[in-house]
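Participant: Dropping the sequence and predicted coords here.
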Amino acid sequence: MSEQPKGAILQRDKKTYAIVPRTPVGMVTPDDLENIARVAREYDIPVIKITSGQRFALVGMKKEDVEDIWKDLKMDVGKATELCLHYVQACPGTAVCKFGVQDSLGLGIEIERFFAGMDLPHKVKIGISGCPFCCGESFVRDIGVFGKKKGWTMTIGGSSARRPRIGDVLVDNLTGEQVIDLTKKFLEYYQEKAKRKERTARFVDRVGFENIQDALL
């Protein structure tokens with residue numbers, strides 16, 4: 001079997017590949033968009049799909065083109081199949097939204113920068129919302145954070161997969177720094193105690209939310 005190109009995912013036709021450039025909290029620049037459009041035309045990429053994780057998937061490229069496409073994009077690889085943090089999604093928060101009470105974009109970028117390279121038992125997705133409306137889907141992410149006037153509320157064990165689970169509220173009224181510290185503690189606890197390929201939703205069900213809460217707080 002031939003080696004799979006770095007940062008690429010073999011598609012169902014067993015011939016073509018997809019890539020997912022890294023776009024922290026869904027933010028892109030005009031240069032990013034122009035580069036995506038340019039490579040899509042130059043390499044005849046048939047599908048560009050915005051994913052649920054606020055990322056672009058470029059689908060249908062030839063194996064021999066993958067390396068050159070990454071060079072032309074000038075963007076980092078977004079992890080999509082590895083056992084690690086896949087993405088941090090975030091709503092606009094106080095940057096532009098009239099309902100925002102906390103800076104969800106700023107916190108989301110900081111969290112992704114902190115934990116992007118961390119090896120984990122399974123994929124992890126994080127949702128950050130700037131207010132209790134939870135447009136960042138905080139309650140259905142492995143780790144969720146949403147803003148209130150007095151600070152951040154953190155949830156764990158959420159999932160929107162085939163066995164959905166609403167995340168449990170771990171603690172209220174956190175500062176941004178406390179959110180990062182507690183995220184680190186939870187992910188390290190998850191690293192240590194979870195089974196391989198056990199999502200946080202099933203991990204919390206198995207270990208018990210109260211036991212995890214007692215261990216972290």
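Facilitator: Cool, got the structure. Residues are numbered from 1 along each chain as shown.
Participant: Show me the strands in this protein, by range?
Facilitator: Counting by DSSP state E, the chain has these strands, from start to end: 9-10, 17-19, 47-50, 56-61, 85-90, 124-129, 143-148, 151-156, 168-174.
Participant: so which of the ones you listed gets nearest residue 184?
Facilitator: Taking C-beta to C-beta as the criterion, residue 184 comes closest to strand 143-148 out of these, the separation being 10.7 Å. Every C-beta, even on glycine, is put in place using the N, C-alpha and C of the backbone.
Participant: What average pLDDT does that closest one get?
Facilitator: Confidence over strand 143-148, taken as the mean pLDDT, stands at 98.
Participant: For that strand, list every residue counted as buried.
Facilitator: 143, 144, 145, 146, 147 (16 or more other C-beta atoms under 10 Å).
Participant: can you put those in TSV and add distance to residue 173?
Facilitator: Written out in TSV, the entries for the buried residues of strand 143-148 read as follows (distance: C-beta to C-beta, whole Å):
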residue	distance to residue 173
143	17
144	15
145	12
146	12
147	11
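Participant: hang on, the earlier thing: will you turn the strands of the chain into JSON lines that also has distance to residue 75?
Facilitator: Compiled in JSON lines, those are given as follows (distance: least, C-beta to C-beta, whole Å):
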{"stretch": "strand 9-10", "distance to residue 75": "16"}
{"stretch": "strand 17-19", "distance to residue 75": "9"}
{"stretch": "strand 47-50", "distance to residue 75": "13"}
{"stretch": "strand 56-61", "distance to residue 75": "9"}
{"stretch": "strand 85-90", "distance to residue 75": "14"}
{"stretch": "strand 124-129", "distance to residue 75": "20"}
{"stretch": "strand 143-148", "distance to residue 75": "25"}
{"stretch": "strand 151-156", "distance to residue 75": "29"}
{"stretch": "strand 168-174", "distance to residue 75": "32"}
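Participant: Out of those, which is closest to residue 102?
Facilitator: Taking C-beta to C-beta as the criterion, residue 102 comes closest to strand 143-148 out of the strands of the chain, the separation being 2.8 Å.
Participant: Just list what the closest one packs against, helices and strands only.
Facilitator: helix 104-115, strand 124-129, strand 151-156, helix 176-193 (3 or more C-beta pairs under 8 Å, 6 or more residues apart in numbering; DSSP states H and E).
Participant: For those, state which one has the densest average packing.
Facilitator: Counting by mean count of other C-beta atoms under 10 Å, strand 124-129 has the highest mean neighbour count of these, with a mean of 27.
Participant: which residues sit against it?
Facilitator: The list of residues contacting strand 124-129 from outside it, by C-beta atoms under 8 Å, 6 or more residues apart in numbering, reads 25, 53, 84-91, 93, 104-105, 107-108, 111-112, 134-147, 158, 183, 187, 190, 200.
Participant: Direction included, what does that strand pair against?
Facilitator: Paired strands of strand 124-129, with direction, are strand 85-90 (parallel), strand 143-148 (parallel) (DSSP bridges).
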